[in-house]
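Trainee: how does the following fold in three dimensions:
(chains A and B)
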Amino acid sequence: MSLAFSEDTRARHERMLARYPNREAAILPTLHLAQREFGHLSAEAIAYVASLLGFTPARVEGVATFYTMYNRKPVGKYHLQVCRNLSCSLMGAEHLIEHVAGRLGVRPGETTADGKFTLSTVECLGSCGTAPVMQVNDDYYEDLSEDKVDAILDGLR
Amino acid sequence: MPNFTLNGISVDVPEGTTVLQAAKTVGIEIPHYCYHPNLSIAGNCRMCLVEVEKFPKLQIACNTVVTEGMVVKSDTEKVRQAVTGVLELMLINHPVDCPICDQAGECGLQIYYMKYGLHKSRFAFEDKVHKKKVQDIGGQIVLDAERCILCSRCIRFLQEVTGTSELEFFRRGDHSEISIFPGRPLDNQYTGNLADICPVGALTSKDFRFKCRVWFLRGTRSICPGCANGCNVEAHFKEDIVYRLKPRRNDDVNRTWMCDPGRLEYKKANEARLLTPVVRENGGLKAEAWEAALSFAAFRLWETVEAHGAASVAVIASPAFSNEELYLARKLAEEVLRTPNVGFSPRSSGNGLSDDFLIKADKNPNTRGAQLLGISEEKFDDIVRKIEGGEVKALLVFGNELADFPGERTAELLSRVPFVAQVGTNEGAVSLAAHAVLPSASFVERGGTFTNHAGRVQRFWMGFPPRGNARGGIEILVGLANRLGAGWTFAGEASVFRAIARSEAPFAGMSYESLGELGQIAGGKG
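Mentor: Below you'll find the model as predicted:
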């Protein structure tokens, strides 16, 4: 297996394991670490996590595919996750999604040809008071309008 | 012993019994998919909902333990509506491809739909979530993901019984499906059980796929002849062709499971069968009627005893034969031919695969039976030495091969004996060399008992009469013995077993009645 955590991540992982009562509970945070380290959770990454924790790859795959925040496919440099749940939809998320899709030339779930942007629609981001909301990698952008989104995308170029 | 009321019937049950188990004991059927008596309780199919007095909501019968005074109803309108609703939910994304599904006829969805559903689908076919069909996931199994109802029996089986955990739930919601991790197919010797425990057509048997509609099959209770474990099975057949073996529950032997190699043992009843008596004389082979073949074999044995003495005759018994047949073979040798040369070998050309669960290295179903009947393994080696020394002038062989000898060795040995008669089921090195081939019935074509490695004497039942011109081993042995003047009056396996129970200490006191469906441990040295 060619995939492996760096020395640094391995140490973080060791420290992290101590915080959980059993190996089962450590699957989720280990997957998050792996996603950060490898960009997305390829079959190889799943098998690596499984071997780290002593589970079958199928067990880890089952966990990874249950949750939506694990990326099973490679994502672009910027992962745009636009909320489409109730509050955001009421505040025009649908149009926003169409606008972003039109600008980037991709449908939700797709990545631009240059590998820079991946557009996803997601359920509630927990920021209904500032709808509509978009998460770009780890950052929230709130109270969005088409102009604001354009400015954000320009800034990410 | 808590007492509770189920649909108005008062029922006493042992402590810890669930409502579902209790209902079974009084013949009340509570529908279920995920519950399996030999697996842990998952409680996820929700089909076994029942009303329990003082509980505000319906409870699942599989995981509700009976307590004193509990009042349960499984036949109310409320229950019926709930079960119908659960079933409708399961059928939403089901492809309803029954016409091309092997499970049709023994499918939990079909059965319960007719009983509890009968609703019109509220979903057009195009609305359904489709999943991958016809996936080879290894072992004996093909997976059709969209037929699955996610009961998790297969997942639990692989966790709890084989410990190999190849299958898991992937994804969520109506995209949930069971699957293997890519490149990690089923890797255990018990995969066939997955098709048995799958209540729908999601996991089907590669071997059985598209061979026969199940409603054409009839079944008989049997014992797997593949090794010394003696797993209880049902043999399913149409006319005189056997299509599959399914495990039959016996918690003392195999619970509800059987191994993959054993599952294919049925092929021996279909393929390369010896179906008509054959006599080899003056270098040519000739099919004969039974009367002629038996008389020929009996005459040659008698002639040899007359010319060279009883010690020039030998009988090689086979641990693939029943207790009844082995007993008569020994009796024929000792009392009719009066030869000391009777032995058997438990060695066979099988691969010797074994594990700590069901698979035994001894690939014979009745080695223990032969031992308990006093047939000796040392005598086998002795007989082989005598054959090599030219002392054996006539030989009666049971079975299709000699011990684990390669074909050439068997041919070479048998070529040293002037007269070889065989009682056997399949073509092989022995039938190629024999001067008289007396074709015997397969394990599905006769009844009898095998004694497994632990000394458990277990019955197997005749499913259909012997194929072609084959005959039951008992009938063949009686025919031979009586042509040699024995005057035996045995008719059928039960009469032979009665004689065994009278004269053989380990079997003392046993009868077919006492053996029942699940067998009994032989006494004596046990």
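
Trainee: what's the offset of the worst-scoring helix or strand of chain B on mean pLDDT from the middle of its chain?
Mentor: Of the helices and strands making up chain B, the lowest-confidence element is strand B:284-287, at a mean of 90, by mean pLDDT, DSSP states H and E. Distance of strand B:284-287 from the chain centroid (Cα atoms, centre = their mean, to the nearest Å) equals 35 Å.

Trainee: list the helices and strands that strand packs on?
Mentor: strand B:278-281 (3 or more Cβ pairs under 8 Å, 6 or more residues apart in numbering or on different chains; DSSP states H and E). The C-beta positions use only the backbone N, C-alpha and C, and glycine is treated the same way.

Trainee: quick one: the strand it packs on to chain centroid distance?
Mentor: For strand B:278-281, the distance to the chain centre is 34 Å (Cα atoms, centre = their mean).

Trainee: point to the residue nearest the middle of chain A.
Mentor: Centre of chain A computed as the mean C-alpha position; nearest residue by Cα atoms, centre = their mean is residue A:69, 4.7 Å away.

Trainee: in which helix or strand does that one reside?
Mentor: Under the criterion DSSP states H and E, no helix or strand holds residue A:69.

Trainee: which ones are touching residue 49?
Mentor: Here I'm looking at chain A. When contacts are counted by Cβ atoms under 8 Å, 6 or more residues apart in numbering or on different chains, residue A:49 is found next to A:27, A:30, A:31, A:34, A:41, A:60.

Trainee: sorry, I should have been clearer: chain B.
Mentor: B:58, B:59, B:60, B:61, B:79, B:82, B:83, B:86.

Trainee: so for stretch B:25-32, mean pLDDT?
Mentor: Mean per-residue pLDDT for stretch B:25-32: 96.

Trainee: just the CA atoms of that stretch, as PDB, please.
Mentor: Output of stretch B:25-32 as PDB, limited to C-alpha atoms (Å, rounded to 0.1, in the frame of the first residue of the first chain):
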ATOM      1  CA  THR B  25     -44.600 -22.700  19.900                       C
ATOM      2  CA  VAL B  26     -48.400 -22.200  19.800                       C
ATOM      3  CA  GLY B  27     -48.500 -22.100  16.000                       C
ATOM      4  CA  ILE B  28     -49.200 -18.400  15.600                       C
ATOM      5  CA  GLU B  29     -47.200 -17.000  12.700                       C
ATOM      6  CA  ILE B  30     -45.800 -13.500  13.200                       C
ATOM      7  CA  PRO B  31     -44.300 -12.200  10.000                       C
ATOM      8  CA  HIS B  32     -40.600 -11.400  10.000                       C
END
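
Trainee: and it, which residues are buried?
Mentor: Using 16 or more other Cβ atoms under 10 Å in any protein chain shown as the test for burial, stretch B:25-32 gives B:28, B:30, B:31, B:32.

Trainee: next one: stretch B:165-181
Mentor: Taking 16+ other Cβ under 10 Å as the criterion, stretch B:165-181 shows B:165-171, B:176-181 as buried.

Trainee: next, format these as JSON lines and append distance to chain A and pLDDT.
Mentor: Below are the buried residues of stretch B:165-181 laid out as JSON lines (distance: Cβ to the nearest Cβ, whole Å; pLDDT from 0 to 100):
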{"residue": "B:165", "distance to chain A": "5", "pLDDT": "95"}
{"residue": "B:166", "distance to chain A": "6", "pLDDT": "97"}
{"residue": "B:167", "distance to chain A": "7", "pLDDT": "97"}
{"residue": "B:168", "distance to chain A": "4", "pLDDT": "97"}
{"residue": "B:169", "distance to chain A": "5", "pLDDT": "97"}
{"residue": "B:170", "distance to chain A": "5", "pLDDT": "97"}
{"residue": "B:171", "distance to chain A": "5", "pLDDT": "96"}
{"residue": "B:176", "distance to chain A": "8", "pLDDT": "96"}
{"residue": "B:177", "distance to chain A": "9", "pLDDT": "96"}
{"residue": "B:178", "distance to chain A": "9", "pLDDT": "97"}
{"residue": "B:179", "distance to chain A": "8", "pLDDT": "97"}
{"residue": "B:180", "distance to chain A": "6", "pLDDT": "97"}
{"residue": "B:181", "distance to chain A": "4", "pLDDT": "97"}
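
Trainee: which of the contacts of residue A:49 lies closest to chain B?
Mentor: For the contacts of residue A:49, the residue nearest chain B by Cβ to the nearest Cβ is residue A:60; the value is 8.3 Å.

Trainee: tally of neighbours for that closest one?
Mentor: If you count neighbours by other Cβ atoms under 10 Å in any protein chain shown, residue A:60 ends up with 26.

Trainee: do residue B:132 as well
Mentor: 11.

Trainee: over to the residue nearest to it when sequence neighbours are not counted: give its phi and psi.
Mentor: Excluding the flanking residues, the one nearest residue B:132 by Cβ to Cβ, 6 or more residues apart in numbering or on different chains is residue B:145, at 5.1 Å. Phi and psi for residue B:145, reported as degrees, to the nearest 10, are phi -70, psi -30.

Trainee: correct me, but residue B:145 touches residue B:176?
Mentor: No: at 9.5 Å, residue B:145 does not count as touching residue B:176 under the criterion of Cβ atoms under 8 Å.

Trainee: near chain B, which residues of chain A?
Mentor: Residues of chain A lying near chain B by Cβ under 8 Å from any Cβ of the partner chain: A:43, A:46, A:47, A:56, A:57, A:58, A:59, A:61, A:62, A:65, A:66.

Trainee: isn't the fourth one right up against residue A:50?
Mentor: Put plainly, it is residue A:56. Yes: shown here, residue A:56 and residue A:50 form a contact pair, counting by Cβ under 8 Å, at 6.2 Å.

Trainee: contact partners of the helix or strand harbouring residue B:328?
Mentor: Applying DSSP H and E as the criterion places residue B:328 in helix B:323-331. With contacts defined as Cβ under 8 Å, 6+ apart, helix B:323-331 is touched by B:315, B:317, B:319, B:321, B:342, B:344, B:366, B:369-370, B:373-375, B:396, B:398, B:448-451, B:457, B:473-474, B:477-478, B:481, B:488, B:490, B:493, B:496-497, B:499-500, B:504, B:507.

Trainee: repeat that for stretch B:364-372.
Mentor: The list of residues contacting stretch B:364-372 from outside it, by Cβ under 8 Å, 6+ apart, reads B:223-228, B:230, B:317-323, B:326, B:344, B:346, B:348, B:377, B:443, B:449-455, B:457, B:504, B:506-507, B:522, B:524-525.

Trainee: before we move on, what about stretch B:460-468?
Mentor: With contacts defined as Cβ under 8 Å, 6+ apart, stretch B:460-468 is touched by B:218-223, B:235, B:237, B:239-240, B:242, B:269, B:273, B:275-276, B:322, B:439-450, B:472.
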